[in-house]
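In: build me a model:
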Amino acid sequence: MSREVSGLKRNLLYGSFPLILLVLSVYATHAMEDPNRVVAEAVSASLEGISPVGAAVAIVSIPGPASSTTIVVHIYSREPLGIRFVSLSFMKCKSTAGDRIIIGADGVFNVVPPPGGTVTVYTPDATHPVPVVLVEFTGFDITEEATFQLDPDTFGDPLYGAQVRELKNILVQLWFENGKVSQGKMVLDAAGNLVVLLP
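Out: Alright, predicted model coming up:
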């Protein structure tokens, strides 16, 4: 099992680097009531193209309001198969002025792993701003939650305070312990929360 996980980790990391390098080159040239479940259930009927909450294997949300610059990612597992990797792609996210959103070198912080588990942040690294966040978990089991905070900026402004509404096109991908993959795009609900129910 550890050999399979090592192979999956290696494939994910190696597979991500060409995408990250390509994007950088483009830029260079130019137990209580779970809040995620409550939010997801409240908006699931209006999320076109997203599985209903009852069928979701995981719920990823960023609480609003839409104008908030406090960006906290909540990942809630509904799947008996443990969550191993999570990636967030900001490739299609733009500021109100039309600038591309990226995550700075110190843009992932206040990381809270699932109870009894761990989390490792692979991108961004210590020196490179990127449009993809990749984290690895251990011990991320059903009904558990992990959170981390992001500081999204723009390529031209490392002090830019991105708002929740500007991140509505985040592509979320999850890899489970058995290699199963699920993905979906975050959408903005009427209350200004970003939510995706992963099928």
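
In: which element is V195 on?
Out: Assigned by DSSP states H and E, V195 belongs to strand 194-198.

In: so what does that strand touch, helix or strand wise?
Out: Strand 194-198 sits against helix 35-43, strand 58-62, strand 171-176, strand 181-185, strand 187-188, with contacts defined as 3 or more CB pairs under 8 Å, 6 or more residues apart in numbering; DSSP states H and E. C-beta here means a position set from N, CA and C on the backbone, and glycine is covered the same way.

In: what angle do it and strand 181-185 make?
Out: Going by axes from the mean of the first three to the mean of the last three CA atoms, to 10 degrees, strand 194-198 is angled at 150 degrees with respect to strand 181-185.

In: direction included, what does strand 194-198 pair up with?
Out: Looking at strand 194-198 with DSSP bridges, its partner strands are strand 58-62 (antiparallel), strand 187-188 (antiparallel).

In: before we move on, back to that, weakest of the helices and strands packed on strand 194-198 in terms of mean pLDDT?
Out: Across these, helix 35-43 has the smallest mean pLDDT, namely a mean of 45.

In: and the biggest strand by length in the chain, what does it pack against?
Out: Longest among the strand segments of the chain by residue count, using DSSP state E, is strand 101-112. Secondary-structure packing of strand 101-112 (3+ CB pairs under 8 Å, 6+ apart): strand 118-123, strand 132-138, strand 145-154.

In: switch to 6 Å and redo it
Out: strand 145-154 (3 or more CB pairs under 6 Å, 6 or more residues apart in numbering; DSSP states H and E).

In: buried residues in the strand it packs on?
Out: E145, A146, T147, F148, L150, D151, P152, D153, T154 (16 or more other CB atoms under 10 Å).
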